[in-house]
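Asker: Curious how this folds, go ahead:
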Amino acid sequence: MSEGTMQRRAQRDPRNKPAKRLHRVLVCAAAVPVMLIAAGCSSDSGSDGGEEGGKGSGASASQSASPSPTVREAAYKQLPEACEVLSEKTLDDLAPKAKSGKEGNSDDISTRASCSWSSLDNNGVEGSQFRWLNVSLLRFDSDTTRGPGDELAKEYYDKQVRDAQSAEGAKGAETEPLAGTGDEATAVRYDLKKKEGTFRQQTVVARVENVVVTVDYNGAGLAGDETPDADGLMKDAQKAAQEAVASVAKANGSGAASGSPSSSASGEPSEPASSSSSASSSEPSSKSPSKVSAEG
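Answerer: As a prediction, this is how the structure comes out:
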């Protein structure tokens with residue numbers, strides 16, 4: 001038998017097949033653990049990364065869900081000098097005999113301020129004319145818990161109007177809105193009967209942005225002199241209110257505020273809107289007669 005014939009028989013011999021199958025199984029078995037290990041490492045790595053990524057996005061979402069509270073900034077940051085808000089001409093017209101203004105007490109003049117003038121034109125037996133003028137200013141800062149400054153000022157403005165309407169001893173009270181004086185303004189007038197005479201009280205409350213201006217002006221004819229005309233007094237009081245409002249805008253570097261300025265935009269907490277200014281924004285007119293008596 002030739003050598004070639006023996007090799008072909010050996011290749012066809014079925015006894016050689018199990019050996020070949022066993023060799024293939026061993027090779028596959030050796031390869032499987034390596035693949036499993038690689039797959040396991042890859043799975044662990046992906047799991048860790050996903051978990052960390054989830055934590056990161058969750059923290060980010062939590063932070064964005066609770067932003068710091070904000071409130072629009074108040075338009076005006078300071079007040080003018082209270083005794084300088086009126087021109088000399090206006091003071092000459094409203095309180096001609098006043099030597100100087102008396103500044104009211106204040107813990108913080110950038111928040112609240114006031115000034116008053118007392119005038120007595122004494123003509124002896126021919127009678128006397130008395131005038132008392134007071135200008136007060138109260139500014140509100142915006143606060144994240146209480147709200148924007150202009151809204152706080154609005155609350156105080158409404159309270160000042162109510163207080164003027166319900167003044168003790170007021171007779172024949174009348175209320176009317178005023179145009180051309182800040183963002184909003186209201187005039188309240190009434191008479192007060194005193195032993196010295198009839199005092200005619202005029203109160204103008206105006207709001208410009210986050211500041212409330214209150215002008216109190218009253219007059220009386222004493223010792224038999226004529227009682228001043230209420231319409232004339234109100235016209236003067238409104239003029240004073242317009243000048244005071246304009247002075248607020250000027251003190252903050254802006255022009256005269258006579259219409260509806262831009263909406264407010266704020267800072268430190270201020271006093272509650274229900275509080276009144278330390279030098280009473282609406283000083284009772286009943287104080288006027290006592291001043292007259294002292295001077296007379």
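Asker: which non-adjacent residue is nearest residue 127?
Answerer: The spatially closest residue to residue 127, leaving aside those adjacent along the chain, is residue 225, at 2.7 Å (Cβ to Cβ, 6 or more residues apart in numbering). Using the backbone N, CA and C atoms, a C-beta is placed for each residue, glycine as well.
Asker: Look up phi and psi at residue 108.
Answerer: Recorded main-chain torsions at residue 108 are phi -150, psi 100, according to degrees, to the nearest 10.
Asker: Tell me who's in contact with it.
Answerer: Residues in contact with residue 108 (Cβ atoms under 8 Å, 6 or more residues apart in numbering): none are found.
Asker: Next, work out how far apart the closest residue to residue 251 other than its chain neighbours and residue 200 are.
Answerer: With Cβ to Cβ, 6+ apart as the measure, residue 80 is the residue that lies nearest to residue 251, at 3.9 Å, once sequence neighbours are left out. Residue 80 is 28 Å from residue 200, where distance means Cβ to Cβ, to the nearest Å.
Asker: More neighbours: which of these two?
Answerer: A direct count of neighbours by other Cβ atoms under 10 Å for residue 80 and residue 200 places residue 200 higher, at 24 against 19.
Asker: contacting residues for the residue nearest to residue 127?
Answerer: With contact taken as Cβ under 8 Å, 6+ apart, residue 225 is in contact with 123, 126-129.
Asker: Most widely separated two among those?
Answerer: Considering Cβ to Cβ, no two members of the contacts of residue 225 lie farther apart than 126 and 129, which are separated by 10.3 Å.
Asker: Of these two, give the one with the bigger neighbour count.
Answerer: Set side by side, residue 126 and residue 129 give different neighbour counts by other Cβ under 10 Å, the larger being at residue 129 (20 against 9).
Asker: On the three-state scheme, residue 237 is what?
Answerer: Each residue gets one of three states, and residue 237 gets helix by DSSP: H, G, I helix; E, B strand; the rest coil.
Asker: swap that for residue 198, sorry
Answerer: Secondary structure, three-state DSSP: residue 198 is strand.
Asker: With adjacent residues omitted, what lies nearest to it?
Answerer: On the basis of Cβ to Cβ, 6+ apart, the spatially nearest residue to residue 198 that is not a chain neighbour turns out to be residue 227, at 5.0 Å.
Asker: and if you look at residue 154?
Answerer: Nearest residue to residue 154, sequence neighbours excluded (Cβ to Cβ, 6+ apart): residue 207, at 6.4 Å.
Asker: Please tell me I have it right and residue 228 contacts residue 222.
Answerer: No - taking contacts as Cβ atoms under 8 Å, residue 228 lies outside contact range of residue 222: 10.9 Å.
Asker: Common neighbours of those two, please.
Answerer: Here residue 228 and residue 222 share the contacting residues residue 129, scored by Cβ under 8 Å, 6+ apart.
Asker: the more surrounded of these two?
Answerer: residue 222 (22 against 19).
Asker: quick one, what contacts residue 224?
Answerer: Residues near residue 224 by Cβ under 8 Å, 6+ apart: residue 127.
Asker: ok, residue 197 to residue 117 distance?
Answerer: As judged by Cβ to Cβ, residue 197 and residue 117 stand 19 Å apart.
Asker: same check, this time on residue 86
Answerer: Taking Cβ to Cβ as the criterion, residue 86 is separated from residue 117 by 9 Å.
Asker: For those two, list the residues in contact with both.
Answerer: Shared contacts of residue 86 and residue 117, defined by Cβ under 8 Å, 6+ apart, comprise residue 94.
Asker: thought residue 95 was touching residue 117?
Answerer: Yes - Residue 95 lies in contact with residue 117 (Cβ under 8 Å); the separation is 4.0 Å.
Asker: Provide the backbone phi and psi angles at the nearest residue in space to residue 110 that is not next to it in sequence.
Answerer: With Cβ to Cβ, 6+ apart as the measure, residue 78 is the residue that lies nearest to residue 110, at 4.8 Å, once sequence neighbours are left out. According to degrees, to the nearest 10, the main-chain angles of residue 78 amount to phi -150, psi 170.
Asker: Distance check, residue 78 against residue 139.
Answerer: As judged by Cβ to Cβ, residue 78 and residue 139 stand 7 Å apart.
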